[in-house]
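S.K.: sequence and computational prediction follow.
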Amino acid sequence: MNCLQSWPEPIVRVQSLSDSGIRAIPKRYVKGPSDRPSPLVESSAGSDVQIPVIDLQKTLDSIATACREWGFFQVVNHGVSHELMARTREVWREFFHLPLEEKQQYANSPSTYEGYGSRLGVEKGAKLDWSDYFFLHYLPTSLRDQNKWPKLPSSCRELVGKYNEELVKLCGKLTKILSLNLGLKEEYLQQAFGGEEVGACLRINFYPKCPQPDLTLGLSSHSDPGGMTLLLPDENVAGLQVRRARKWITVKPVPNAFIVNIGDQIQVLSNARYRSVEHRVIVNSVKERVSLAFFYNPRGDLLVQPAPELVAEDSPALYSPMTYNEYRVFIRTRGPCGKSQVESLKSPK
């Protein structure tokens, strides 16, 4: 764990690079040719192909289809105040436009990631993403420290508390639906996550304007290591791309919707009935983006393994038991690496 105590190189804030007026991005942000955004690849997916949009008050069965076929869906009529969603997103936009010295008070380290950051992973010389972020813990309450949340803007801490509280409720509803759709007891996933002692955290992503958006990414291709993610996107600027049939589909945000995606831990618990899906973020030359990713995860010290009800002679357990704490060391070391993390955990046949 020693490698996780400090960053391997001096941290450069991407927003500062963008604001400096540079016309060419530094080499450390330039992705290899196969990892760069390609207009040909994006357009080949077809503009009419989109992840499912699901009304949480009506069609619950369609969530099972979305989880099996996509691993992603947008949910509307979810019960979270639209005003709260908008205010929380905008207060974070205000935070990222505060003076650098104010934000630097919250500079983070890779040991917890909590605070103001600009890179994932601690491999020296690694290619970096074109983004800054703020990461904070919400659950379990033993990890929650509101003094580590921004005190400016003055409404930030209150809004973040209310927002996180509402998203915990929504995740509780969704885990029940997913459990039933898998043929499990309603509370199965919630209990597998730790019952009332689940993990929950929030990462606010800030993607500054980029002079060469065709050479880099805001967030490299990855599947989410946790249980389930609720993303509040920037409705004014599309950026999230989902991988489907070897093509990248740019998600068109639906107003007042959350984008929900399955994480690696639900892939393991469902014995791959539901799969996490690679996704990435592209950046823009004329507009910045702000998005809020809420992660609902198993408690760190619980063993996560396929549900016994989903294991049989003709469908053996695909994954060996592992705690989420052990699992996430991988991404904290290497950063986003497609689906290599969860695929490497498959049990030998």
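M.R.: Arrived safely, thanks for sending.
S.K.: quick one: the helices in the stretch 1-150 of the chain?
M.R.: Taking DSSP state H, counting those that start in this stretch as the criterion, the stretch 1-150 of the chain contains helices spanning 14-19, 39-44, 61-69, 82-96, 100-104.
S.K.: all helices of the stretch 151-300 of the chain, in order?
M.R.: With DSSP H, counting those that start in this stretch as the criterion, the stretch 151-300 of the chain has helices at 156-181, 188-192, 264-269.
S.K.: ok, and which of these has the densest surroundings?
M.R.: Burial of those is given as mean neighbour count (mean count of other Cβ atoms under 10 Å); helix 264-269 ranks first at a mean of 28. Backbone N, C-alpha and C define where each C-beta goes, glycine included.
S.K.: residues in contact with that helix?
M.R.: 178, 189, 192-193, 223-228, 274-276, 297-298, 304-307, 318-319, 324, 327, 341-342, 345 (Cβ atoms under 8 Å, 6 or more residues apart in numbering).
S.K.: how about the contacts made by residue 112?
M.R.: Going by Cβ under 8 Å, 6+ apart, residue 112 touches residue 137.
S.K.: likewise for residue 199?
M.R.: Counting by Cβ under 8 Å, 6+ apart, the residues that residue 199 touches are 139, 140, 193, 226, 295, 296, 297, 298, 299, 300, 324.
S.K.: what's the spacing between it and residue 270?
M.R.: Per Cβ to Cβ, to the nearest Å, residue 199 is found 18 Å from residue 270.
S.K.: now do stretch 195-212, average pLDDT.
M.R.: On average, the pLDDT along stretch 195-212 is 97.
S.K.: my bad, should have said stretch 161-173
M.R.: For stretch 161-173, the per-residue pLDDT averages 98.
S.K.: then stretch 77-86?
M.R.: 98.
S.K.: check stretch 266-278 too.
M.R.: The pLDDT scores in stretch 266-278 average 96.
S.K.: report the distance from it to the chain centre.
M.R.: 15 Å (Cα atoms, centre = their mean, to the nearest Å).
S.K.: low pLDDT regions in this structure?
M.R.: Applying pLDDT under 70 to the chain flags residues 1-4, 39-48, 330-349.
S.K.: which residue ranges form the strands in it?
M.R.: Assigned by DSSP state E, the strands in the chain fall at 53-55, 72-76, 115-117, 132-139, 199-207, 219-222, 228-232, 240-244, 247-250, 258-262, 279-281, 289-297, 303-304, 322-323.
S.K.: picking that back up, do you know which of the helices of the stretch 1-150 of the chain lies nearest residue 249?
M.R.: Nearest to residue 249 among the helices of the stretch 1-150 of the chain is helix 39-44 (7.7 Å), distances taken as Cβ to Cβ.
S.K.: from residue 292, how far out is residue 276?
M.R.: Residue 276 is 19 Å from residue 292, by Cβ to Cβ.
S.K.: more neighbours: these two, which one.
M.R.: Remark: of residue 276 and residue 292, residue 276 carries more neighbours, 27 against 22, as counted by other Cβ atoms under 10 Å.
S.K.: could you find the closest non-adjacent residue to the more buried one?
M.R.: Nearest non-adjacent residue to residue 276, counting by Cβ to Cβ, 6 or more residues apart in numbering: residue 223, 3.8 Å away.
S.K.: that neighbour contacts residue 279, correct?
M.R.: Yes - if you go by Cβ atoms under 8 Å, residue 223 and residue 279 touch, sitting 7.4 Å apart.
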